[in-house]
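> no letters, just coordinates:
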Ligand SMILES: NC(=O)c1ccc[n+]([C@@H]2O[C@H](COP(=O)([O-])OP(=O)(O)OC[C@H]3O[C@@H](n4cnc5c(N)ncnc54)[C@H](O)[C@@H]3O)[C@@H](O)[C@H]2O)c1
């Protein structure tokens, strides 16, 4: 049977997950991986019999590669995405698509011009919690949506230990991007006005040049409003790395979910308490499961079977527009209108 070739650019923490999905799928071959750090590229390539490169252009030059995942830090997506489109590869880009509106527009235009698929990995759309909340709203079961509260925050270990590049990004790019996409997807609506504040009194003192948290109020086209909160300074003693809470209040009802206590399995031993992941990216019978893997699998199947994507480059562009407006509002202290 002929296989379809995939590649991965960026083989750090999240690149491993892309590898686990492509590397174990029927009808698909992980042909090559690229990372600036040779040992990292070789480690992932060795697991799945792929070629390892330190220059992503060599991976893009391989005709067997039909599609690539871009899993580099957010500020390093644009150049790679433009080159991948030019090379005629379908693209799954990690969130956010890019950190400026102009860059997102260039990537969307390049993918359209090259006739390649472009998806942004907003994997929350594959979470059963969020899917069913959206269903309740879109089916009209809670009436007209009125107001939303959405909190997605990380333990402080994420900017201080996990991400070496936290000082070149923000919690708004890293997980605020998920929050904004999820709320616009649940409501089926776009943001028209933003008012936001942020605080920077903890991480900067620790030598990490980034904001601690953002609180943003978003007004949508329908008149519904959402308060979005994203913090990078939650205590490391929280049972889960993320703190996720959402409520959507409609004219005739409400939906709530708590994604922080999804770790339904608790394991207590003499000297430790563990809450293993059973929901986001667990492994069962050697197969990568969980909603974070499902979004990657969706892209893979869309390429293999030439099916439409659930998330597009346009979604990535809309989210970046909102984040740029949030940054402007934090800077100026004024509300910002979106075009
Ligand atoms: N860590 C998470 O929980 C998580 C979750 C979802 C999505 N993401 C997204 O995945 C992306 C990567 O995040 P990560 O946590 O894996 O970061 P990471 O630092 O662990 O890995 C990034 C890798 O990209 C490599 N890289 C950087 N520039 C490159 C280039 N020009 N060519 C080739 N390789 C290059 C780095 O050497 C590094 O190995 C980001 O967009 C992030 O938002 C991360």
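That came through, no problem. This is a predicted model, so every value here is computed, not measured. Numbers count the residues shown, from 1 in each chain.

> what about residue 217, distance to residue 198?
Residue 217 sits 13 Å away from residue 198, going by CB to CB, to the nearest Å. In short, each C-beta sits where N, CA and C put it, glycine included.

> those two - which one has more neighbours?
Neighbour count, other CB atoms under 10 Å: between residue 217 and residue 198, residue 198 has more, with 21 against 17.

> show me the contacts for the residue of the stretch 201-339 of the chain found nearest the ligand.
Proximity of the stretch 201-339 of the chain to the ligand (CB to the nearest ligand atom) peaks at residue 292, 6.9 Å away. Contact partners of residue 292, counting by CB atoms under 8 Å, 6 or more residues apart in numbering, are 17, 123, 126, 280-281.

> just the element for it, please.
helix 291-304 (DSSP states H and E).

> flag every buried residue along that helix.
For helix 291-304, burial by neighbour count (16 or more other CB atoms under 10 Å) applies to 291-300, 302-304.

> before we move on, the earlier item: roughly how far apart are the residue of the stretch 201-339 of the chain closest to the ligand and residue 126?
8 Å.

> okay, the buried residues of helix 291-304 in TSV with pLDDT next?
Below are those laid out as TSV (pLDDT from 0 to 100):
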residue	pLDDT
291	96
292	97
293	98
294	98
295	98
296	98
297	98
298	98
299	98
300	98
302	98
303	98
304	97
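
> what number of residues lie near residue 174?
So residue 174, with other CB under 10 Å, has 23 neighbours.

> same check, this time on residue 41
Considering only other CB under 10 Å, residue 41 is surrounded by 26 other residues.

> need the max-distance pair from the contacts of residue 292.
Largest separation among the contacts of residue 292 by CB to CB: 17 and 126, giving 12.9 Å.

> the protein against the ligand: which residues are in contact?
Residues of the chain lying near the ligand by CB under 6 Å from any ligand atom: 9-15, 34-37, 40, 56, 71-74, 76, 94-95, 164-165, 174.

> tell me which of the residues you listed fall in strands.
Within these, residues falling in strands by DSSP state E are 9, 34.

> could you turn the buried ones of the residues of the chain next to the ligand into a ChimeraX selection?
In ChimeraX, this line selects whichever of the residues of the chain next to the ligand come out buried by 16+ other CB under 10 Å:
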select :9,10,11,12,14,15,34,35,36,40,56,71,72,73,74,76,94,95,174
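
> ok so residue 22 is a strand residue?
No - going by DSSP: H, G, I helix; E, B strand; the rest coil, the assignment for residue 22 is helix, not a strand.

> make 225 the starting number, not 1.
Happy to do that; since the first residue is 225 now, the last one works out to residue 246.

> and the helix or strand hosting residue 546, which residues are buried?
Per DSSP H and E: residue 546 is located in helix 537-556. Across helix 537-556, burial judged by 16+ other CB under 10 Å covers 537, 539-551, 553-554.

> can you check stretch 440-451 too?
Buried, per 16+ other CB under 10 Å, within stretch 440-451: 440-444, 448-450.

> among these, which pair sits farthest apart?
The widest separation within the buried residues of stretch 440-451 (CB to CB) is 14.5 Å, between 440 and 448.

> partners of the helix-or-strand element of the chain with minimal mean pLDDT, with directions?
In the chain, no helix or strand scores lower on mean pLDDT, DSSP states H and E than strand 496-498, which sits at a mean of 87. Strand pairing for strand 496-498, determined by DSSP bridges: strand 491-493 (antiparallel).

> quick one: average pLDDT of the strand it pairs with?
Taken as a whole, strand 491-493 has a mean pLDDT of 93.

> nearest residue to residue 285 in space, please, no chain neighbours.
residue 311 (7.3 Å; CB to CB, 6 or more residues apart in numbering).

> I meant to write residue 372 there.
residue 450 (3.8 Å).

> and the one you found, what helix or strand is that in?
Short version, using DSSP H and E: residue 450 is in strand 449-455.

> and the angle for that strand with helix 537-556?
80 degrees (axes from the mean of the first three to the mean of the last three CA atoms, to 10 degrees).

> tilt between whichever helix or strand comes after strand 449-455 and strand 449-455?
Sequence-wise, the next helix or strand downstream of strand 449-455 (DSSP H and E) is strand 466-474. Per the same axes, to 10 degrees, the angle that strand 466-474 makes with strand 449-455 is 170 degrees.
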